[in-house]
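structure for the following, please:
(one chain, ligands or ions: 1)
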Amino acid sequence: MQEVPLYTGDLDRELAVVSRNRMAEKVTGGLSITEKMPCPSWGIPATRCRLGALLAKKEGTVCGDCYALKGRYRFDKVQAKLEERYKGLFDPLWTPAMVHLIRWCCDRYFRWFDSGDVQGENHLQNIVTIAEAVPDVQMWLPTREAETVRKVGEFPPNLTIRLSANKIDGKAPDWPMTSVVRRAGGEGYACPSRTQGNSCRACRACWDRDVENVVYTLH
Ligand code: SF4
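Numbers count the residues shown, from 1 in each chain. Okay, the predicted model is just below:
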């Protein structure tokens, strides 16, 4: 698996470069607007998930029932756009390009990975660099890559890393902010999206660092 390059460039100088001629969109593939989310998001194909792609082959796992492998996500056009975003990760200007887009398009919130997951330590470290450059935007990053998260270790306050349980009805991972998928109920904050038209509306629990565990109901 190809390693994402660690960003070590001059952010201020390269921000000026990516802000011209829509270069930030060309490098990153742009951001998504989904019906559910109150803010822009960014993602890559779920088939590129390092751990998730393995889990998806196993019954009883959350990845085995992944929404990003079903529905509109299966359209060729959607997959081509997600793959374009994956390829953008290897561009040396990806980090400044994402900073530019988030500054330009986001008001208060941003979501990482409406599809896909972190591609290793360098990728997560680049995301930390991006979060530090946009401290007024609160970011939610759901992930199953616990080992990568623990290796990077420290995160700015505007980057909510929420570790997800791998198994349906499984235990929440050992981490301050987590999420689980349950057939019914369970301890934690119950995601209300199903009762509000599959939309977050005013809820921001997934971004909220004071919400320890979010419970999604299996559908
Ligand atoms: S818990 Fe709230 S913020 Fe998270 S997905 Fe559900 S509705 Fe959206």
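
near the ligand, which residues of the chain are found?
Residues of the chain found near the ligand (Cβ under 6 Å from any ligand atom) are 191, 192, 193, 200, 203, 204, 205, 206, 214. Using the backbone N, CA and C atoms, a C-beta is placed for each residue, glycine as well.

in JSON lines, list the residues you listed along with pLDDT, secondary structure and neighbour count.
Listed next are the residues of the chain next to the ligand as JSON lines, based on pLDDT from 0 to 100; DSSP: H, G, I helix; E, B strand; the rest coil; neighbours: other Cβ atoms under 10 Å:
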{"residue": "191", "pLDDT": "96", "secondary structure": "coil", "neighbour count": "18"}
{"residue": "192", "pLDDT": "96", "secondary structure": "coil", "neighbour count": "13"}
{"residue": "193", "pLDDT": "94", "secondary structure": "helix", "neighbour count": "18"}
{"residue": "200", "pLDDT": "96", "secondary structure": "coil", "neighbour count": "20"}
{"residue": "203", "pLDDT": "97", "secondary structure": "coil", "neighbour count": "17"}
{"residue": "204", "pLDDT": "98", "secondary structure": "coil", "neighbour count": "16"}
{"residue": "205", "pLDDT": "98", "secondary structure": "helix", "neighbour count": "18"}
{"residue": "206", "pLDDT": "98", "secondary structure": "helix", "neighbour count": "22"}
{"residue": "214", "pLDDT": "97", "secondary structure": "strand", "neighbour count": "23"}
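
low pLDDT regions in this protein?
Filtered on pLDDT under 70, the chain yields no residues whatsoever.

now the helices for it?
Secondary structure of the chain (DSSP state H): helices at 11-18, 23-28, 52-55, 76-88, 94-105, 121-133, 146-152.
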